[in-house]
Structure formats: structure tokens, C-alpha cells
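Student: Only the shape, not the letters, is given here:
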């Protein structure tokens with residue numbers, strides 16, 4: 001349990017400069033000296049708080065009547081200066097930047113007594129240790145090429161559940177998304193531990209994107225404070241989008257708006273209908289074993305299968321792929337005979353595999369299946385309207401990614417289907 005002594009009723013911690021009368025030197029004839037002179041500022045400073053400071057609270061320095069502050073600097077052990085603001089009348093100064101938990105800070109103060117006396121002094125304070133730190137796992141993983149398709153959402157997985165609305169607002173304020181070119185986007189709370197960020201429209205091709213979390217000093221809940229900064233950078237590639245028309249039995253791939261190839265396909269047959277809606281490529285596997293038992297088909301039954309499948313592009317975690325299906329070439333372009341996947345010839349599947357990447361869009365239309373769910377089975381984020389999306393931001397509004405601003409107002413893989 002962290003030591004919380006001295007925190008009761010703290011709204012801010014005040015360092016009061018008590019400018020003492022009579023300290024100015026006097027002339028031999030008894031007249032007070034009013035010209036420029038140095039004063040012993042160390043004797044004029046009083047730290048009113050005892051114990052340790054709650055890092056979520058502001059630290060304030062004030063000067064008494066007739067005096068003014070000329071400079072205040074708060075510095076941490078890492079040499080970083082905590083941002084602050086001096087009042088117009090120079091009678092007070094307050095931190096505006098975040099304080100870290102369990103940290104010792106040095107306060108350097110320069111003051112003017114209003115009578116020509118000037119001096120400076122140094123004080124210090126410490127912050128309470130956080131009982132728990134909230135950290136964030138940022139996605140997508142950019143350890144590879146760092147290049148993604150235009151449909152790729154940004155993801156955040158928190159180390160602890162955050163249910164309180166004010167705590168969620170603090171989390172969003174600690175998250176920063178910047179991009180070039182800038183877009184309008186918003187956060188969506190999928191559940192208590194997971195958030196997604198997407199633009200109103202798809203990312204423009206060639207966009208560079210940065211995502212950062214810095215909750216340092218933010219109070220999320222009792223005993224829970226934001227953790228240190230984490231960040232990732234990624235780049236958006238060309239706009240590649242494929243439309244699978246289940247009624248016409250064909251897939252059309254466009255690159256930057258231009259049709260590149262139309263491919264005959266087969267999709268899910270009755271009872272195994274392919275999901276309608278917008279999906280995002282989750283990954284690609286040169287070869288994958290597909291077994292009907294993993295989706296509830298009994299071994300040895302008429303519908304059972306156990307196949308080694310090549311050139312497989314995954315679009316749901318439950319096992320929906322675009323893949324090579326040489327056993328159904330006679331049905332491709334004619335009828336739907338698969339168990340939910342989009343099947344095509346080996347040659348076409350290899351081409352599709354080599355011309356798509358994670359984050360690209362695959363939209364299924366005219367299937368008798370249900371619509372792709374927004375979350376839990378991949379990235380169905382784009383099946384929600386922008387209006388509905390924004391409603392699930394804790395801060396209640398979209399943000400622009402033009403500059404580093406806090407986002408303020410302004411599963412495991414199952415086995416495949418085949």
C-alpha cells in the first residue's frame with residue numbers, strides 16, 4: 001500500500017513566498033534602501049504541504065502581497081521540465097504538465113520583492129507511489145514492414161479494465177494519434193479494456209501514422225495511474241479493395257480506384273453462407289490446415305473435410321479466408337459450394353495473396369449470410385456508421401490528427417472454415 005499521508009483535501013500544493021518586511025538593508029541615516037539589490041530568497045520560501053503530493057494534482061507557487069514571481073521551474077530526476085503557467089499578475093504559477101508517481105522534483109523559484117530586491121531559491125517535493133500503473137499495448141504490430149492497408153484500425157489493449165466514464169476520458173486524453181495527411185477520426189470503446197481508432201473515411205493511401213500513449217500522472221481510478229509513454233509508427237500503402245459478389249460468383253480487385261482483375265470464385269453454400277459486409281485482411285498464410293471439426297462439422301459426415309490449403313488470406317478470426325480451392329474450380333464463377341470461405345483457382349489465389357496485405361479491404365455483397373460483426377471476429381469496424389462510431393468515444397467527439405493533441409473532444413485465432 002502506498003503512503004498517502006498528507007493528501008487529504010489537497011486541491012493543489014502551494015509553495016508560498018513569504019516576503020518578509022524589514023529584510024532590506026538600511027542606510028546609515030536609517031532610510032530603507034530601495035535600489036536594486038540581492039535578497040536571501042531561501043529565507044522567503046515556505047512549502048506549506050507536508051508528506052507526499054498526489055501526482056494527479058497541480059502544484060502551485062504563490063507570492064505574497066507586493067511581490068511577484070519572475071521565474072518558476074519544476075524539474076524531475078530525468079532532467080525533464082514540467083510545463084507550467086505564470087499568471088498575468090505574476091503572483092502565482094501552476095503546473096500544467098503531468099507529474100510522475102513516486103518521483104522527487106526540484107522547484108527553482110526566482111522572485112522580486114517589489115522594492116528592488118531580487119533573488120532565487122530551490123525547494124522540492126515528492127509524489128506518491130502509484131498502487132497500480134495502467135499500461136497500453138498498441139496495435140497494429142509494426143515490427144515487420146510497418147505498411148498496412150487503408151482499412152487498418154489502430155488498437156489499444158489496456159492492462160486493466162476501466163469502467164468509470166471519467167477514467168475512460170483520462171485514457172483518451174493520454175492517447176495521441178497524428179498523421180500526414182491529417183484525417184478526422186475517433187476512438188471507440190469495444191469493451192472495458194479495448195479501444196479502436198479509425199478515420200471517418202478510409203486512410204488515404206500513403207499516409208504516415210503515429211500512435212502514442214502517455215498517461216504519466218493521470219489518475220484513472222483509486223490507486224490506478226497512467227503508465228509511461230509507449231508509441232508506434234506505421235505507413236498506409238496503396239488503396240487495395242476487393243469486392244466479392246456472392247450472387248455473381250466473382251471477386252473484383254481495385255487498386256487506387258482502378259479495376260486490376262476480376263476472378264471467378266465460389267462462396268458459402270446454404271447453411272454455410274459467407275458473411276456480408278466490410279472485412280479487413282488480418283494475415284496471410286502460405287499453407288494452412290483446414291479441418292471441418294473446428295467449426296462443428298462431425299468427422300466422417302457428408303460435410304466433413306480435412307485439407308491442406310494454399311495461398312490463404314485470412315479475413316476473420318473464426319477462419320474465413322480467401323484461398324486456393326482447386327477441388328471446386330468447376331463451380332467457381334457458377335455456384336456457391338464452400339463452407340464460408342471465398343475459393344478460387346490456385347493461380348488466382350497466389351496472385352491475390354501477392355497483391356494484398358494486412359489492412360486491405362474485402363467486402364462481401366449479395367450473400368444470404370449475416371453481416372460481419374464489428375468486433376470479436378476480426379475488424380468489422382467499417383460496418384458501423386460514423387455517427388454510431390463517435391457515440392462510443394468517452395469524450396464524445398471526433399479529433400483531428402493534424403498535431404500531437406490528446407484525444408480530447410474536438411483473440412485468439414480459431415481454426416479455419418473452408
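Tutor: Looks like it came in fine. These numbers come from a predicted model, not from an experiment.
Student: Could you report the distance from residue 372 to residue 247?
Tutor: 17 Å (Cβ to Cβ, to the nearest Å). Heads up, the C-betas are built off the backbone N, CA and C, glycines and all.
Student: the more surrounded of these two?
Tutor: Between residue 372 and residue 247, counted using other Cβ atoms under 10 Å, residue 372 has the larger neighbour count: 25 against 11.
Student: which one is the more buried one nearest to, not counting chain neighbours?
Tutor: Of all residues beyond its chain neighbours, the one nearest residue 372 is residue 277 (3.6 Å), with distances taken as Cβ to Cβ, 6 or more residues apart in numbering.
Student: Report the contact partners of the one you found.
Tutor: By Cβ atoms under 8 Å, 6 or more residues apart in numbering, the contact list for residue 277 reads 363-364, 371-372, 380, 383.
Student: Just the buried ones from those residues?
Tutor: When the contacts of residue 277 are checked for burial by 16 or more other Cβ atoms under 10 Å, the buried set is 363-364, 372, 380, 383.
Student: Show me these that map onto helices.
Tutor: Among the buried ones among the contacts of residue 277, DSSP state H puts none in helices.
Student: between those residues, which is closest to residue 129?
Tutor: Nearest to residue 129 among the buried ones among the contacts of residue 277 is residue 380, at 41.4 Å by Cβ to Cβ.
Student: Verify the stated contact: the closest one with residue 370.
Tutor: No. Applying Cβ atoms under 8 Å as the test, residue 380 and residue 370 come out as separate, 11.0 Å apart.
Student: Return the per-residue confidence for residue 211.
Tutor: Residue 211 is assigned 97 on the pLDDT scale.
Student: Residue 395: neighbouring residues, count only.
Tutor: Counted with other Cβ under 10 Å, residue 395 comes out at 21.
Student: Surely it is in contact with residue 166?
Tutor: No. At 10.8 Å, residue 395 does not count as touching residue 166 under the criterion of Cβ under 8 Å.
Student: separation between residue 269 and residue 339?
Tutor: From residue 269 over to residue 339 the distance is 8 Å, taken as Cβ to Cβ.
Student: whoops, I mixed them up, residue 173
Tutor: Counting by Cβ to Cβ - residue 173 and residue 339 are separated by 46 Å.
Student: Neighbour count for those two, which is higher?
Tutor: residue 339 (22 against 19).
Student: nearest residue to the more buried one other than its sequence neighbours?
Tutor: residue 272 (4.5 Å).
Student: that's a strand at that neighbour, yeah?
Tutor: No. Using DSSP: H, G, I helix; E, B strand; the rest coil, the assignment for residue 272 is coil, not a strand.
Student: Go ahead and confirm it touches residue 341.
Tutor: No. Judged on Cβ under 8 Å, residue 272 makes no contact with residue 341 at a distance of 9.1 Å.
Student: These two: who's more crowded?
Tutor: When neighbours are counted by other Cβ under 10 Å, residue 272 and residue 341 differ, and residue 341 comes out ahead with 28 against 19.
Student: how about residue 347, phi and psi?
Tutor: Torsion angles at residue 347 (phi, psi; degrees, to the nearest 10) stand at phi -60, psi -50.
Student: what does residue 280 give?
Tutor: The phi/psi pair for residue 280 (degrees, to the nearest 10) reads phi -120, psi 130.
Student: bridging residues for it?
Tutor: For residue 280, the beta-bridge partners under DSSP bridges are residue 361.
Student: how many neighbours does it have?
Tutor: Residues near residue 280, counting by other Cβ under 10 Å, number 24.
Student: and residue 290, what are its bridge partners?
Tutor: Taking DSSP bridges as the rule, residue 290 bridges to residue 307.
Student: For the stretch 101-250 of the chain, just list every one of the helices.
Tutor: For the stretch 101-250 of the chain, the helices defined by DSSP state H, counting those that start in this stretch cover 165-174.
Student: mind listing what residue 73 touches?
Tutor: Residues counted as contacts of residue 73 (Cβ under 8 Å, 6+ apart) are 81, 84, 107-108.
Student: try residue 372
Tutor: 275-279, 316, 364, 378, 380, 383.
Student: low-scoring stretches of the protein, by residue?
Tutor: Along the chain, segments meeting pLDDT under 70 span 1-35, 41-50, 143-144, 292-295, 302, 304-306, 403-418.
Student: Show the contacting residues for residue 180.
Tutor: 207-208.
Student: ugh, wrong one, residue 122
Tutor: Residue 122 makes contact with 42, 106-109, according to Cβ under 8 Å, 6+ apart.
Student: which SSE is residue 313 in?
Tutor: Using DSSP states H and E, residue 313 sits in strand 306-314.
Student: chain center to the following helix or strand past that strand: distance?
Tutor: For strand 306-314, the following helix or strand on the C-terminal side (DSSP H and E) is strand 321-324. Relative to the chain's own centre, strand 321-324 is displaced by 32 Å; criterion: Cα atoms, centre = their mean, to the nearest Å.
Student: List the neighbouring strands of strand 321-324 plus their orientation.
Tutor: Strand 321-324 has these strand partners (DSSP bridges): strand 306-314 (antiparallel), strand 342-344 (parallel).
Student: Need the contact partners of the longest one.
Tutor: Contacts of strand 306-314 with the rest of the structure, by Cβ under 8 Å, 6+ apart, involve 281-292, 320-325, 327, 346, 349-350, 352-353, 356, 362, 416, 418.
Student: and the contacts of residue 73, which of them are in strands?
Tutor: Using DSSP state E, the members of the contacts of residue 73 that fall in strands are 81, 84, 107-108.
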